Structures are given as C-alpha cells and as structure tokens.
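Participant: pasting a predicted model and its sequence here:
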Amino acid sequence: MTKPEGNGNGIPRPEYPRPDFVRSFWMNLNGEWEFAFDDANEGLTLGWHDGRELPQRIIVPFAYQTELSGINDKSIHERVWYARTVELSPEFCDRDLLLHFGAVDYAATVWVNGHEVGHHQGGHVPFQFDIAPYVKRGSNRLTVRVEDRQDPQQPRGKQSETGLPHSIDYYCTSGIWQTVWLEPVPAMRIEELRVTADAERNIVDVTVYLHAPSAEWRVEVEVLEQGNRVAIAEDRTAVATGRLRITIPYAKLWSPEAPNIYDLQVRLYDGKRLLDEVGSYTALRGIELRDGKFLLNGTPTYLKMVLDQGYWPDGYLTAPSDEDLQNDIGWTKMFGFNGVRKHQKIEDPRWLYWCDRLGLLVWEEMPNAREWSPKAEELLTAEWQEAIRRDYNHPCIIAWVPVNESMGFPGIGQQHAGQYAFIERM
C-alpha cells in the first residue's frame, strides 16, 4: 500500500489543487475528518449537521472504498457524512472566505456551524461557497452530506452501477475524492479566466471575469517566460469583464517535444490600488484537421496515444500523491507515446497541469451514464459544461469526447461500438 504524500503536518495531497488559477494564501483541509455511513437516511433527522460528532474517521481526499482512506469498505453505502472542526485566524475571517471542493461524487450538501451554505450535483467537477457570513474567529464546524446512488442514469464512467467490479468496471468512488481547501479573497476580485491562444499570429486573448459590480476597473496581464517579462497589457473597463489581446514577440510554440509555457500574472486595480492578483499560465499551439490528418502547429502529427483509465490500486480515482501523477505521465512518454485519451474520467487538475508542463496531448472524456433517458442527458450535459469551463485553458487538451462509443445509448448494440470508437479517434 502506497502512503499518501503529505507535508510536514501530515496532510495528504498538500500541493495547491488549482494550478491554473493560483492565489498565494490558502488553507488545505485534507487529512482526518469525522465520518459516518447513513444507510437508514436518518442523519438529517438526528441533527448530524448541527455539531454532533460522527463515529468514524476518514482520510480526505480518499473515498471510503479505498485503502488510503483508512476505511477500505467495499460495500455499498449511498449516503455518507463528513465533519471536522477548523480553527480560523483573523486573516481568514476578515474577508470573503471561499470553501472549495475539487470533486465530490455525487450530490453534496454543506453546512457551516449548523447553517446550510449550499449544495452541488456532479461527481467530477469543482464547486465553492462563500462561507464568510457563517464563520467566526476560532473554532468552526464544517459538515458535508453526500448521496451517491447506484443510479445507471447518473454520469459514472467506469464506476460499476452494481457497486462491485465486473468486466471493465471498477469499484465506486463515493464522496470527497479531490482536495478541500479554504481561500480568503477580497470582496472585489478576479473570478475566472478564459485564455485563448492564436499560435499563427503569436497572440493570446485573455478574458478576465470579475466578482464585482459595474464600475471603473483596471485589469492588467503580465506574460513571463522563466520569470522574465515578455509582454504586458491592460484594459480599463466599466463592466465586470476585462478583455485583453496580447502579442508575444518571437513566441515559442508548445508541443510534446517542446512544452513551452508562458506564465501569467493577472491583476485587478481600482485606480492605482491593487485589489487582487492570481497566477496562471498559457501556451501557444495550433491544432487543425486537414485532408484526414491531424496538424499540430501546422505539422502533420501521428497521434500515438494510450487509453488511460486514471485508477489507482489504493486510491481509485484519487492518485496517492502529486509525484504519482507526474510519474504516470513520465512513463507514458518514455514508452514512446505522445498523448492519452483519459477514459471516462474528468481528471484531477494537477494531472492536466503536469501534461501541460511535461508535454502530453490529451483527449478529455466525460464519464457516461449507463442507461440513457432525458434525465441522463440533462445530468451529463450540465456536468460536462462545468468540466469544459474548468479545463478550457489547458493547452494539452486537443479533443473533447462527450460519450464513450455506444455506452448507454438505447437500441445500439455492441456491433456498432467499434464504429463509434473509430469516429471518436478521427
């Protein structure tokens, strides 16, 4: 059994979880949480959300089915609870305070000090709540209730709909399976970035979405190569969106052989006063399909790819450490491949970060339902849009795969599966 990577305080997966949108001040909430199964669906009635101590202990961010969670229970439990007490200093209480969840499978409800602060549905994508109105200096109680039904109409990917592995399916990953963290932020702040590169013209278009009212804002984007500034631009806007077009002189293009990355520093000003700053990165690479060939930066490129499951023996959907993610990419490249189709999984953002940095092409594939219906379509479409929004900026991604072959479609037998697979791989 591999031990999960921790820092000096014993926190597993201590690295910053969102490497394309980085703030320097944050608190990692991985580690030991209280835990309980709720097979009788009585937790709400008994007031588990209102401060009651839960009987078991679990290591977040590993699902209860895994060895690394410390529980390693393979049986089906469709409702589970988490809780922990967090000590907050004044630095965390005097600003807006975002509580982030990297991914929770499948439907989560969150309480802070007994107050319900929000809920989310979708097992492979992040969500956040501003919990500033509900916290105080000192001890604060966080509680999470999760439902993960054995529903074949729910986007589940390679997780078995029976809960037990069979054929090509694995054990399920229920509950929290990516990093949980706190981030104090200014009230007027940068909310989201959309970065689109034009490799032919050496241009990067950056759209900066603000969490702010319409007013006179100044947005600045600085482009750096190995710490040295190569370009800078600003936009003065009267609305909550800044749009900047930046030319990078003599730009170096990105490819698996030469994964050239440009770092970005994005700043929001009110006049001359700096309100917020985030770090990100981008790369310039052009993709095109022409005459039946895939062109990368104008050059015909043969896609030597593997089907990457993204499952770990002791962590299932969750890699034991950031180093394991890097090693997985390194072995793929050493075996001579230049890309992967990440099969039926929206992967940890840290994996995409290392694909960007180390140079590996990615087909990102949305986990499917196993039984198609209008409900299944709605669930998949909603979550897939969140996934694309999360991962839009990664230069390594060259294809978005909405469904796996004929999986879950009515009236389509296995005889047609190969045809769908071929269409995906064009």
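Facilitator: Thanks, I have it. Numbering: from 1, shown residues only.
Participant: what are the ranges of the strands in the stretch 201-350 of the chain?
Facilitator: Secondary structure of the stretch 201-350 of the chain (DSSP state E, counting those that start in this stretch): strands at 203-211, 217-225, 228-237, 241-247, 262-270, 273-282, 287-290, 293-296, 299-300, 305-308, 339-342.
Participant: hey, which of the ones you listed is tucked in deepest?
Facilitator: Mean neighbour count, computed with mean count of other CB atoms under 10 Å, is highest for strand 339-342 among the strands of the stretch 201-350 of the chain, reaching a mean of 22. Any C-beta I mention is one placed from the backbone N, CA and C, and that applies to glycine too.
Participant: just checking: what are the partner strands of that strand?
Facilitator: Under the criterion DSSP bridges, strand 339-342 sits next to strand 305-308 (parallel), strand 361-365 (parallel) in its sheet.
Participant: give the rounded mean pLDDT of that strand.
Facilitator: Mean pLDDT, strand 339-342: 98.
Participant: gap between it and the chain center?
Facilitator: 17 Å (CA atoms, centre = their mean, to the nearest Å).
Participant: just checking, G114 touches W48?
Facilitator: No: at 10.6 Å, G114 does not count as touching W48 under the criterion of CB atoms under 8 Å.
Participant: using CSV, lay out the strands of the stretch 201-350 of the chain together with distance to P184.
Facilitator: Formatted as CSV, the strands of the stretch 201-350 of the chain follow (distance: least, CB to CB, whole Å):
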stretch, distance to P184
strand 203-211, 14
strand 217-225, 21
strand 228-237, 25
strand 241-247, 23
strand 262-270, 16
strand 273-282, 11
strand 287-290, 38
strand 293-296, 41
strand 299-300, 46
strand 305-308, 36
strand 339-342, 33
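Participant: W26: which of those is closest?
Facilitator: Closest of the strands of the stretch 201-350 of the chain to W26 is strand 273-282, at 11.7 Å (criterion: CB to CB).
Participant: what comes into contact with that closest one?
Facilitator: Around strand 273-282, the neighbours that count as contacts under CB atoms under 8 Å, 6 or more residues apart in numbering are 20-23, 185-186, 188-190, 193, 195, 197, 204, 223, 261-269, 356, 393, 395.
Participant: got the angle for it vs strand 262-270?
Facilitator: In terms of direction (axes from the mean of the first three to the mean of the last three CA atoms, to 10 degrees), strand 273-282 departs from strand 262-270 by 160 degrees.
Participant: same question for strand 273-282, mean pLDDT?
Facilitator: Averaging pLDDT along strand 273-282 yields 98.
Participant: ok, stretch 381-398 next?
Facilitator: Mean pLDDT, stretch 381-398: 97.
Participant: give me the buried positions along that stretch.
Facilitator: Using 16 or more other CB atoms under 10 Å as the test for burial, stretch 381-398 gives 383-384, 386-388, 390-391, 393-398.
Participant: same question, stretch 72-80
Facilitator: Applying 16+ other CB under 10 Å to stretch 72-80 flags I76, H77, E78, R79, V80 as buried.
Participant: same check, this time on stretch 354-374
Facilitator: 354-357, 359-372.
Participant: stretch 28-40 too?
Facilitator: Residues of stretch 28-40 classed as buried: N28, L29, N30, G31, W33, E34, F35, A36, F37, D38 (neighbour count, 16+ other CB under 10 Å).
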